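A.B. asks: Below are the sequence and a predicted model; questions follow.
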Amino acid sequence: MTNVVKDIKEISKGIYNMIIKKKLPSLVMPIRSLQNVSYSPKSGYFEMLGKMKERTLAASTIKTFAQSLKMMGLSKELIGSNDLATKREAYYVSKNWGEARFNEQSESDNVMDDVEAMLMVNREQIGFVPEEKGGDIAGQLIVIDKDQETGKEIKIDCTKFGSGAYSIPSSVEELKFDTKAKFVLAIETAGMFQRLAKHKFWKKQNCILISMGGVPTRACRRFIRRLSDSKKLPVFVFTDGDPYGYGSIYRTLKVGSGNAAHINKYFCVPNAKFIGVTPQDIIDYKLPSHPLKDVDLKKIKDLIKNDPFVKHHKPWQKALQEMAKMKKRAEQQALAKWGLNFVIEKYLPDKLKDQKTWLP
Amino acid sequence: MVQRTLTGNNTNSSAKSADKNVPKVEKGTTKAHEMAAKQRDIGVAEFFAKNRHLLGFDNKRKSLLTTIKEAVDNSLDACEEAGILPEINVEIIDMGNDRFRVIVEDNGPGILKSQIPKIFAKLLYGSKFHRLKMSRGQQGIGISASVMYGQLTTGKPAKIISKIKKDLPANYYELHIDTQKNKPEIVKEATLDWEKDQGTRIELDLEGSYQKGSQSVDQYLKQTAIANPHVTIIYTTPKAEQVIFPRATENLPKETAEIKPHPYGVELGVLIRMLKLTPSKTLQQFFTQEFSRVGNGTAKQICENARIPPNTKPRKVSREMADKLIQSIKETKIISPPSDCIAPIGEEELEKGLKKEINAEFYCSITRPPNVYRGNPFLIEAAIAYGGEQQKEGSINIYRYANRVPLLFQQGACAATKSAQQTNWRGYGLSQSSGALPQGPITIAIHMASVWVPFTSESKEAIAHYPEIIKEIKLAIQECGRKLGSYLAKKKRIGDEFKKRSFIEIYIPHVAEALKDLIGISEKEIEQVELNLQEALEKKRGAIEKVGFDKGKNIEYDEEFAKIGKEVIKEAKEEIDALKGKKVDEEKELKK
């Protein structure tokens, strides 16, 4: 019996015993929000503070309570049969639970996240996988995977995908790497990734290109972390010059999220560095820009005030304040103003060389 | 263009002199001479005979109702003033050809022989016009107008019997009204033995039409019974069915005092007339004796503000001085008129009446403290019945009363309706489009009691729109509305609680089942889990109060009583259907 199943059974027994004593049972789990994390410069990621919430059985909570128990039961069953279910599949399984079924997948995701946090494990360990894509890879990297049927080693050369790319699988724990690259470049948008891959930027700079496609998934973060750790590679991040690129994409990649703080330790890349587009770049490169919307300004304010990571880093506060002052944002593609390949020939090489233009 | 004047006292001498004053028409005189020849006085009775709609005789159906209403109002006023618990007999006999005989008999104090002809056969004769006292009748028109209407439509005299003491004989009169001179015409005069100790009986033949349903005699008598729980009415319909509305209380309404006018309500013309007629020697005395709430200090102040010596003789006060006095009255602070002159129905009685009529889910009522409009004290009462067996769709129902008399006509023109429209009902959980009556299962009763109820016309069908009155009615409705609102909120709260409890019922088995899957407990253990959870959760929630409609809860409700006046008349329904058909046809035509 795995530890997880043992934990599930223990919690369930506790609940049963409470009920037999005619007391109202409760489930205890960590609060999943930024309020419950602190930034630890030493370890380099968001650590959980240990604030707990208690879901005591009452008329108003009985539905979620029943659903949490059902979700634990499903997890136990999946582990027992060595099977996996996607988040969407789990949602459909619930349709068989009668009155306790979920009406929206967001409800089932939420309960799943609760169970995961309660057991202090990774989602995969309780039998659930997301259907989201992990991200795309191109460049000087050989991924060593196993054939799903025979278990034989497969070597995947990421330079040989032509105009395509290698996809990060949802589970990356068993992968091994072979590379001579000097660094990893994580890119926000698929469009920019394609431009760089097409022109074999990875060859010119001897690097690995990774497209994150928005906020990096857990698999993507774990993949970059394992790659960076095992091959001692620096990681550079290239996003749009806006509060979302800074506060959501870069911050989550580097130090993790508030929502699944109990696993941040594994799903973060503390040695990542931000190379652009910085607010200063918008000025220096005279980039075409868009005015900031109210939601952007609100996000900046929120980051400065509430995000433990930003609160710890003066340069980030300065950069965000600067952006708020000029009320402008710029996309990665805005560099095309100076020619389509300006980003390859001039911008990235210059930025990679000049540490002073980076942000922590 | 014929100029006419209306004189109230059309005496013989003035009629003669009017004839004298008509100039002779000579040849070659002006057009004005010609026109003057046609100009003469109009008798008040003549005027109302022509304009009988002003008095509530617009059509046959309404005429029958108005006649009964005037007779019953008079009987009730007389009984109450004499301190007698009223017992009224109302009988309508169908004589065929749209003719009806109306008989109204009371156990009141009776009427002196000499007064009988004038009271029943002279318009604008009465005791109630010149005083300020809460009563149903006001102008002294009603019953004599009915007599006149009967005479005009059937030619038959009114037959009156009245007896004032047990041992005395009753007086019997047959009366006509001389419409030109507004004078009673005695057709027959006699004394007779009457089995009653005292009381008055009137018998009238008139043209009318009888229908059941809303705005019927039946409904009027029923609503009278609701607002007058101390009255017994025995009613025999034209179809010879007998309905008895027994009294619900032995207590007469509190006796009300007659008051003098309050200075704030006096207008210039009235003041000049009062100054002429007063026996007072000085202006100061005039104010203290002729008005309520004016003492020597206030009287002096009024005079001083007008710069007129308080010892001026009232007869010497000129029009200009009177005008100054009116101004000075406005500037002088005078306490409100006394309120012992008005008797409310009472919150409890009004609510009881409504309970008898409507089987609802929730009732509340309110009697407001007295207020003043134009120097006249008045008081507003309101009661609300919500939900139950009332219709959920359509506008709310309004029962309107003025000095305990139900108002059945001209709802739209009434201050009570306007006030209900201006009240914001949305806060009490009802839907309402702006400026309209709210929608919902609600009946609201509004009563205005006053020494002088201002009606929009002589037929006394709608209360006039004085801002002070509208404000008071709105306050009364709002007070009831708040009670209703908090009841509805409570109902919702309990409803939510029920929902939560059913929630518990639904999900307890799921918790038990999940535990079975997780740790493999036995069926017996599952049962125990469900039982314990039920107990633990319910213990925390406590007892639950029962709200909502309970058909048998309202013991006051009288189904037979409630039916009266609500019958859907077959003819009326056919009429409506015909109208609807017509409308459809018209619409079809329009489309073409």
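C.D. replies: That came through, no problem.
A.B. asks: what's whichever strand or helix holds residue B:501 packed up against?
C.D. replies: When elements are assigned from DSSP states H and E, residue B:501 belongs to helix B:467-519. Other elements packing on helix B:467-519 under the criterion 3 or more C-beta pairs under 8 Å, 6 or more residues apart in numbering or on different chains; DSSP states H and E are helix A:3-20, helix A:62-80, strand B:362-367, strand B:371-373, strand B:376-386, helix B:415-422, strand B:442-450, helix B:523-541. C-beta coordinates here come from the backbone N, C-alpha and C atoms, glycine included.
A.B. asks: how about those in a markdown table, adding mean pLDDT, distance to residue B:144 and mean neighbour count?
C.D. replies: Putting the helices and strands packed on helix B:467-519 into a markdown table (pLDDT from 0 to 100; distance: least, C-beta to C-beta, whole Å; neighbours: other C-beta atoms under 10 Å in any protein chain shown) gives the following:
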| stretch | mean pLDDT | distance to residue B:144 | mean neighbour count |
| --- | --- | --- | --- |
| helix A:3-20 | 90 | 86 | 17 |
| helix A:62-80 | 91 | 76 | 22 |
| strand B:362-367 | 93 | 34 | 22 |
| strand B:371-373 | 86 | 29 | 18 |
| strand B:376-386 | 92 | 25 | 27 |
| helix B:415-422 | 92 | 28 | 22 |
| strand B:442-450 | 93 | 24 | 25 |
| helix B:523-541 | 84 | 69 | 15 |
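A.B. asks: closest to residue B:556 out of the ones you listed?
C.D. replies: strand B:362-367 (9.3 Å; C-beta to C-beta).
A.B. asks: Given the closest one, what are its sheet partners and their directions?
C.D. replies: The strands beside strand B:362-367 in its sheet (DSSP bridges) come out as strand B:376-386 (antiparallel).
A.B. asks: low-scoring stretches of the chain, by residue?
C.D. replies: Here I'm looking at chain A. A:1 (pLDDT under 70).
A.B. asks: ah, I was thinking of chain B
C.D. replies: Across chain B (using pLDDT under 70), the flagged ranges come out as B:1-28, B:130, B:139-140, B:542-546, B:567-592.
A.B. asks: Point out the residues in it that sit beside chain A.
C.D. replies: In this structure, chain B approaches chain A at residues B:500-501, B:503-504, B:506-508, B:510-511, B:514-515, B:517-519, B:521, B:525, B:528-529, B:532-533, B:535-537, B:540-541, judged by C-beta under 8 Å from any C-beta of the partner chain.
A.B. asks: who touches residue A:128 in this structure?
C.D. replies: A:75, A:78, A:84, A:85, A:86, A:87, A:90, A:112, A:116 (C-beta atoms under 8 Å, 6 or more residues apart in numbering or on different chains).
A.B. asks: could you say which helix or strand contains the last one?
C.D. replies: Counting by DSSP H and E, the element that carries residue A:116 is helix A:105-119.
A.B. asks: then that helix to PDB, C-alphas only?
C.D. replies: Extracted C-alpha coordinates of helix A:105-119, given in PDB (Å, rounded to 0.1, in the frame of the first residue of the first chain):
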ATOM      1  CA  GLN A 105     -15.300  21.200 -14.000                       C
ATOM      2  CA  SER A 106     -14.100  24.200 -12.100                       C
ATOM      3  CA  GLU A 107     -15.900  22.700  -9.000                       C
ATOM      4  CA  SER A 108     -14.300  19.300  -9.400                       C
ATOM      5  CA  ASP A 109     -10.800  20.900 -10.100                       C
ATOM      6  CA  ASN A 110     -11.200  22.900  -6.900                       C
ATOM      7  CA  VAL A 111     -12.100  19.800  -4.800                       C
ATOM      8  CA  MET A 112      -9.200  17.900  -6.400                       C
ATOM      9  CA  ASP A 113      -6.800  20.700  -5.500                       C
ATOM     10  CA  ASP A 114      -8.200  20.600  -1.900                       C
ATOM     11  CA  VAL A 115      -7.600  16.800  -1.600                       C
ATOM     12  CA  GLU A 116      -4.100  17.200  -3.100                       C
ATOM     13  CA  ALA A 117      -3.200  19.900  -0.600                       C
ATOM     14  CA  MET A 118      -4.800  18.000   2.200                       C
ATOM     15  CA  LEU A 119      -2.600  15.000   1.500                       C
END
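A.B. asks: Is there contact, residue-wise, from that helix to chain B?
C.D. replies: No. Judged by C-beta under 8 Å from any C-beta, helix A:105-119 makes no contact with chain B; its nearest approach is 11.9 Å.
A.B. asks: Of all the residues in that helix, which ones are buried?
C.D. replies: Residues of helix A:105-119 classed as buried: A:107-119 (neighbour count, 16 or more other C-beta atoms under 10 Å in any protein chain shown).
A.B. asks: what's the next secondary structure element after it?
C.D. replies: Counting by DSSP H and E, the next helix or strand C-terminal to helix A:105-119 is strand A:128-129.
A.B. asks: Tabulate the helices and strands packed on helix B:467-519 (JSON lines), appending distance to residue A:266.
C.D. replies: Output for the helices and strands packed on helix B:467-519, formatted as JSON lines (distance: least, C-beta to C-beta, whole Å):
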{"stretch": "helix A:3-20", "distance to residue A:266": "16"}
{"stretch": "helix A:62-80", "distance to residue A:266": "19"}
{"stretch": "strand B:362-367", "distance to residue A:266": "63"}
{"stretch": "strand B:371-373", "distance to residue A:266": "78"}
{"stretch": "strand B:376-386", "distance to residue A:266": "63"}
{"stretch": "helix B:415-422", "distance to residue A:266": "68"}
{"stretch": "strand B:442-450", "distance to residue A:266": "65"}
{"stretch": "helix B:523-541", "distance to residue A:266": "37"}
